[in-house]
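*Asks:* no FASTA, just this:
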């Protein structure tokens, strides 16, 4: 992973010039991040900072690179250039303070395991190598299962749960990580209204404990209600800031409008150029 | 008595063949069980990681490794074969997984490519060996389909230590393997070195394949790896238990395979083991309690029967309601005319309704009992309340709701019924103007005379 640590200091100064960004209490700092799948660029030079204790939504059209951004920040996929700092350090050093909720569709739910077992996986980071979860971990996991209202399903095989219940299990697992910053990839996708409300209340509770939550979100109508910070993304950063200021028609048009067609054309040209060997 | 003596004979045979000190058959059985256990345990992960085909490619890719090891050293040492086979097997696996990452060729094609090319190369080497190394009839072709009878004491030692190694690694890394197999990206965020762990799992699969090569051979080895795990999956929803069951199935197949080849002349151990495994897999697929096809079919049949019984009660109720007579008599011909079911089936349902005391039968006349009337009333209430719910709460036209209610009346329980009633504030009529009865008085024989 090309993480340029040494030139990190002076480069971050540069990015501070941009207004609308809070720096003093930033918990995550993304600088000039470029990510490519194979040779096709998905994110271009993305700069932003996540302020502490906010619920931040990442909004953008399909294929804007929202999930990619989260995955790149956590080192799940390699970055082409740029760097990410969480709590002022490489994500590798602060893993125990990071919680993650992947997309529900990213795993095979027919895996032979139970709901409580999945939640217990959130404790693995605290356990370290070779050690089996202990009674205390089981109790903690059960408490978080209760928190998402799934205690009656603790010993249920996970394929027998509904989509909303599976999403709650994933959320409980992230809670069991007892992290300071959470990254959630579309936690509201395919869940019923009751589950959505339950999840939102949990997010509010996390915020009240001054934890930071970054959520990939799809539904523009609920942005104002659920979140207080927002990142508009479409292959590049369009805008970031408080919802009241940034969530404007102008910015949305920029994010979802046709202007970006040029950028994706450029990406295609770049892919083509590399395939043909026109440039490196 | 005869049966008893015949079973004694079997025990005699077992004793004669396996318990005699220094008997080679004893070693063969031991080896087959070891092989079954190790491939059963490691196969669980291969199966769950959907790497069945990849394992097959690894097994086939072992052949050139064995041949090369022999060509370079000229000795037949199982440890050397194991090393050679592991190297080419691993190379094959890596090539098969790397091709789709760097090109537009999909994984199945890449696996096919590796499997056939390595195997073909192995066959070529085998022919060269048979021509040029004639002084030592190497018998390397026994690696194709395996020849357990050739196993010697030294082979068992190698297999045994490999088996222990596999079990030990699986036990130590159980938690990590489980997380990696279930949710790879989450494993990365926890800081697990997933690349190395994946390589380790691949290495385990290669080793398990190698343990089985001498007894089962490259062609059939994948079956020993995947079938026990696939069978075990049908019986349990816990990973730990699945591994145990899978190991047990593998060991059982090993025992049966070696026993068959011991008592019947010229029956090969490996293929028998594979046949036993596939038999167990088929049995599990059909008869395992939750996932099996037969229990599933039985559950389906049971609910269909219940629905048909409920429909009979319901139509009796409706007819009674029309005539305002709860003690109406029906003849069997009434039922035949009304329900488009085979007569024997209808008779069967009516009989089971009598058994449940929902209906009574006298001189060819059928009647609802008090219990049956109450049951029918519940169904009717579910039906009509649901119709009201659909029209009132979901704004569906009243002529669209009957079909839906026909299904829902069999599905919802009394708790939901109560909830529906509360939410709709106990309506008196359904959208078609029919009454929604709270309860009926059975003793009131004819409320109104027509």
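*Replies:* Happy to help now that I have it. All of these numbers come straight from a predicted model, not from anything done at the bench.
*Asks:* CA atoms for contacts and neighbours, from now on please.
*Replies:* Will do.
*Asks:* what residues does chain B have near chain A?
*Replies:* Contact residues, chain B versus chain A (CA under 8 Å from any CA of the partner chain): B:48, B:172-173, B:175-176, B:179, B:182-183, B:185-186, B:188-191, B:233, B:236-239.
*Asks:* cutoff 7 Å now
*Replies:* Within chain B, the positions near chain A by CA under 7 Å from any CA of the partner chain are B:172-173, B:179, B:182-183, B:185-186, B:188-191, B:237-239.
*Asks:* out of these, show me where the pLDDT dips lowest.
*Replies:* For the residues of chain B next to chain A, the weakest pLDDT value sits at residue B:191, with 87.
*Asks:* how many neighbouring residues does that one have?
*Replies:* 20 (other CA atoms under 10 Å in any protein chain shown).
*Asks:* cool, residue A:187 as well?
*Replies:* 25.
*Asks:* surely it is in a strand?
*Replies:* No. Using DSSP: H, G, I helix; E, B strand; the rest coil, the secondary structure at residue A:187 is coil, not a strand.
*Asks:* report the contact partners of it.
*Replies:* For residue A:187, the contacting residues are residue A:167, by CA atoms under 7 Å, 6 or more residues apart in numbering or on different chains.
*Asks:* can you give me the helices in the stretch 301-450 of chain B?
*Replies:* B:332-338, B:343-355, B:370-393, B:402-411, B:414-423 (DSSP state H, counting those that start in this stretch).
*Asks:* can you pull the buried residues of the last one?
*Replies:* Same thing as helix B:414-423. Neighbour-count burial for helix B:414-423 flags B:417, B:420, B:421 (criterion: 16 or more other CA atoms under 10 Å in any protein chain shown).
*Asks:* helix, strand, or coil at the residue of the stretch 151-300 of chain B found nearest chain A?
*Replies:* The stretch 151-300 of chain B approaches chain A most closely through residue B:237 (4.4 Å), counting by CA to the nearest CA. Under three-state DSSP, the three-state class of residue B:237 is coil.
*Asks:* now residue A:131
*Replies:* coil.
*Asks:* number of residues surrounding it?
*Replies:* Going by other CA under 10 Å, the residues that sit close to residue A:131 add up to 14.
*Asks:* also residue A:39?
*Replies:* If we define neighbours as other CA under 10 Å, then residue A:39 has 15 of them.
*Asks:* need phi/psi at it.
*Replies:* phi -120, psi 10 (degrees, to the nearest 10).
*Asks:* tell me the centre residue of chain B?
*Replies:* residue B:234 (3.3 Å; CA atoms, centre = their mean).
*Asks:* quick one on the thing from earlier: got a quick ChimeraX command for the buried subset of the residues of chain B next to chain A?
*Replies:* To isolate the buried ones among those in ChimeraX, judged by 16+ other CA under 10 Å, type:
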select /B:173,179,182,183,185,186,188,189,190,191,237,239
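*Asks:* what's the most distant pair in the residues of chain B next to chain A?
*Replies:* Using CA to CA, the two most remote members of these are B:191 and B:237, lying 27.2 Å apart.
*Asks:* can you tell me which of the helices of the stretch 301-450 of chain B is packed in deepest?
*Replies:* helix B:370-393 (a mean of 22; mean count of other CA atoms under 10 Å in any protein chain shown).
*Asks:* for the stretch 1-150 of chain A, which spans come out with low pLDDT?
*Replies:* Residue ranges of the stretch 1-150 of chain A with pLDDT under 70: A:1-24.
*Asks:* which residues of it lie near chain B?
*Replies:* So far as CA under 7 Å from any CA goes, the stretch 1-150 of chain A lies against chain B at A:74, A:76, A:95, A:100, A:107, A:108, A:111, A:112, A:113, A:121, A:125, A:130.
*Asks:* tell me which of those residues fall in helices.
*Replies:* If you go by DSSP state H, these have residue A:125 in helices.
*Asks:* show me chain B divided up by domain.
*Replies:* Annotated domains of chain B cover B:2-291, B:297-450 [automatic domain parsing].
*Asks:* comparing those domains, which gets the lowest mean pLDDT score?
*Replies:* Looking over the domains of chain B, mean pLDDT reaches its minimum on domain B:297-450, with a mean of 81.
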